[in-house]
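Asker: Give me coordinates for this.
(chains A, B, C and D)
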Protein chains: 2
Amino acid sequence: MSRRISDTLRLLGEQLDPKRRVVRAGDLIYRAGEAFDNLYILNSGICKMVSLTADGREQLVSLSFRGDWLGFDGLADGHYGADAIAMDTGEVWSVPYQTLLDVSKVCPEVLHALHTSMSKAIARDRDSLMSVCTLPAVARVADFLLNWADSLADRGMRTDQITLRMTRAEIGNHLGMTLESVSRALSRLARDQVIGFATQGRRDVQIPDAGALSAFVRRHLSAAPALLQ
Amino acid sequence: MSRRISDTLRLLGEQLDPKRRVVRAGDLIYRAGEAFDNLYILNSGICKMVSLTADGREQLVSLSFRGDWLGFDGLADGHYGADAIAMDTGEVWSVPYQTLLDVSKVCPEVLHALHTSMSKAIARDRDSLMSVCTLPAVARVADFLLNWADSLADRGMRTDQITLRMTRAEIGNHLGMTLESVSRALSRLARDQVIGFATQGRRDVQIPDAGALSAFVRRHLSAAPALLQ
DNA sequence: CGTTCGATTGAGGAAGATCAATTAATGTGG
DNA sequence: CCACATTAATTGATCTTCCTCAATCGAACG
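Answerer: Numbers count the residues shown, from 1 in each chain, chains lettered A, B, ... in the order given. Predicted coordinates:
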């Protein structure tokens, strides 16, 4: 899988000749409301998508890792629907949507990469909804950590220790709970030995055994009624 | 907008020569886990996507209306990620993904229609997450009704009276609350005169003034902390 | 006309929010 | 490099929202 993502990135880099930009934590990649022109590909680093409603509600709607595309949300109505913000040093490639279409005609793999990435984005968004709707707070945090670790694993990175580049407030916002609940959940997970904290600072989370963390989630399902037919 | 959707459907019908199938409430369009081959286009009727986890959690992840495409979620890993179930009598078109790609080469509009639809799906999924994460139960139900009405409006249909083809349990599942909370929320909305119930049966909801319903949501925002940078 | 399924409503309880105080990490200017 | 200021995180006490359990009512259907 790590191979897959690197290979895809190499292909895209060669075929699309994207504009490359180095970003640092906090840098804006695009802003909600801006005219849609480019799609972005995250070559390295981590990104968050933050959506803001007219009535002032703010939501961290998704996270992106190496190989992910950004900006789909702007395609339909010609304007991006959220802010894309770097959470870390990284490199972002940008490609005009039109260029992408042109290249796709001679290189179908590029189009397939786009579709695969959009499909994954949809699947991930649904997983988020599932998590928020069906899991109690502690399990939601555990599930969040598992998903982060999975994302790293897909990219061939270590998953026994992950560095969350987010505050408790951001995590809570993304998971639909308060920062205090996030903190309590993490303390609980640490007390139950399914996660650990690194020596310095509590933003580094150790996951010695993903299976145990996964089992923790299963143990904390609140008996939900079936929907069925 | 209604024009747009009809026009797009006509184009797709002509260009793709899809297989057409009439479905009735409860009919399965595709099943989670099935091999991905086709994309589906909803020519009429309403559809729900239901996702099921390994540990038995069930989630109504999204709803689809006339003109929406179904099946994107299967593109990335070759298997559909949810069940697609008709909630009403309707007609579903199916098109092999490969056919779609072939036609796209001679008719770029088709590809653009696909991308637009995927982009909208992503935007809608994010709206769902936003709603679940930032709104209290009553407001969530109100927002749900507003979104449904908007979907109808986009298709040129009446929005002052909508027929929910869902039980309270299904609505609750989709919105992350119990069926009792949905019932109480609807009673509350009716008491506050922002919705009404039709003479017969309580599945028909009248929305005399969408603005008033929208204002109700705004009045019931729980003061949330800002995320900012 | 009774049976079944869905919806409503009430009472009590629990999960998580809110408020508040403390501690830990991070950053800044001297 | 240190004292101080600032921001983030933890933890506790209380309160609110929503869930759970239960009874009743209504609608649909054989």
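Asker: which residues touch the residue nearest to the spatial centre of chain A?
Answerer: Residue closest to the average C-alpha location in chain A (CA atoms, centre = their mean): residue A:63, at 2.2 Å. By CB atoms under 8 Å, 6 or more residues apart in numbering or on different chains, residue A:63 lies in contact with A:46, A:47, A:48, A:49, A:87, A:148, A:151, A:174. For glycine as for every other residue, the C-beta is placed from the backbone atoms N, C-alpha and C.
Asker: Is it bridged to anything, and to what?
Answerer: residue A:48 (DSSP bridges).
Asker: Next one: it from residue A:120, what distance?
Answerer: With the distance defined as CB to CB, to the nearest Å, residue A:63 ends up 12 Å from residue A:120.
Asker: what about the helices in chain A?
Answerer: Assigned helices in chain A, in chain order: A:2-16, A:97-106, A:108-134, A:137-154, A:168-175, A:179-191, A:210-219 (criterion: DSSP state H).
Asker: so which of these comes closest to residue B:216?
Answerer: Taking CB to CB, helix A:108-134 is the member of these nearest to residue B:216, at 22.3 Å.
Asker: is that closest one anywhere near chain B?
Answerer: Yes - for a cut-off given as CB under 8 Å from any CB of the partner chain, helix A:108-134 has contacts with chain B, namely A:108, A:111, A:115-123, A:125-126, A:128-130, A:132-134.
Asker: could the contacts of residue A:63 be laid out in a markdown table, adding neighbour count, pLDDT and distance to DNA strand C?
Answerer: Conversion of those to a markdown table gives the following (neighbours: other CB atoms under 10 Å in any protein chain shown; pLDDT from 0 to 100; distance: CB to the nearest atom of the strand, whole Å):
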| residue | neighbour count | pLDDT | distance to DNA strand C |
| --- | --- | --- | --- |
| A:46 | 22 | 97 | 17 |
| A:47 | 23 | 97 | 19 |
| A:48 | 20 | 97 | 18 |
| A:49 | 25 | 98 | 21 |
| A:87 | 20 | 95 | 14 |
| A:148 | 20 | 97 | 18 |
| A:151 | 20 | 97 | 22 |
| A:174 | 25 | 98 | 12 |
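Asker: hmm, which two among these are most spread apart?
Answerer: Among the contacts of residue A:63, A:49 and A:148 lie farthest apart (CB to CB), at 15.4 Å.
Asker: so where's chain A shaky on pLDDT?
Answerer: Counting by pLDDT under 70, chain A shows low-confidence ranges at A:1-2, A:199, A:228-229.
Asker: Get me the contact residues on it for DNA strand C.
Answerer: Residues of chain A lying near DNA strand C by CB under 7 Å from any atom of the strand: A:136, A:137, A:138, A:176, A:177, A:178, A:180, A:181, A:200, A:201, A:202, A:203.
Asker: and the residues you listed near chain B, which?
Answerer: Restricting the residues of chain A next to DNA strand C to those near chain B by CB under 8 Å from any CB leaves residue A:176.
Asker: Just name the closest of the residues of chain A next to DNA strand C to residue B:189, please.
Answerer: The closest of those, once distances to residue B:189 are taken by CB to CB, is residue A:176, at 22.1 Å.
Asker: residues in contact with the nearest residue to the closest one once chain neighbours are set aside?
Answerer: Leaving aside its sequence neighbours, residue A:176 sits nearest to residue B:133 (CB to CB, 6 or more residues apart in numbering or on different chains; 3.6 Å). Applying CB under 8 Å, 6+ apart, we find residue B:133 in contact with A:59, A:132, A:173, A:174, A:175, A:176.
Asker: got it, and residue A:166?
Answerer: Counting by CB under 8 Å, 6+ apart, residue A:166 has contacts A:48, A:87, A:174, A:203.
Asker: Adding distance to residue B:54, write those out as TSV.
Answerer: Below are the contacts of residue A:166 laid out as TSV (distance: CB to CB, whole Å):
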residue	distance to residue B:54
A:48	28
A:87	30
A:174	23
A:203	30
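Asker: Other residues contacting stretch A:87-94?
Answerer: By CB under 8 Å, 6+ apart, the residues outside stretch A:87-94 that reach it are A:12-13, A:16, A:18-25, A:29, A:38-48, A:63, A:66, A:70, A:86, A:165-166.
Asker: That stretch and DNA strand D, any residue contact?
Answerer: No - Stretch A:87-94 lies out of reach of DNA strand D by CB under 7 Å from any atom of the strand, never closer than 12.7 Å.
Asker: returning to that earlier point: from the contacts of residue B:133, which is closest to residue B:7?
Answerer: Of these, the one sitting nearest to residue B:7 (CB to CB) turns out to be residue A:59, at 32.9 Å.
Asker: Quick check: beta-bridge partners of the closest one?
Answerer: residue A:51.
Asker: where's it relative to residue B:50, distance?
Answerer: Distance from residue A:59 to residue B:50, by CB to CB: 24 Å.
Asker: Between the two, point out the one with more neighbours.
Answerer: Higher neighbour count among residue A:59 and residue B:50: residue A:59, with 24 against 21, using other CB atoms under 10 Å in any protein chain shown.
Asker: Quick check: the more buried one touching residue A:172?
Answerer: No - at 11.3 Å, residue A:59 and residue A:172 do not qualify as touching, with contact defined as CB atoms under 8 Å.
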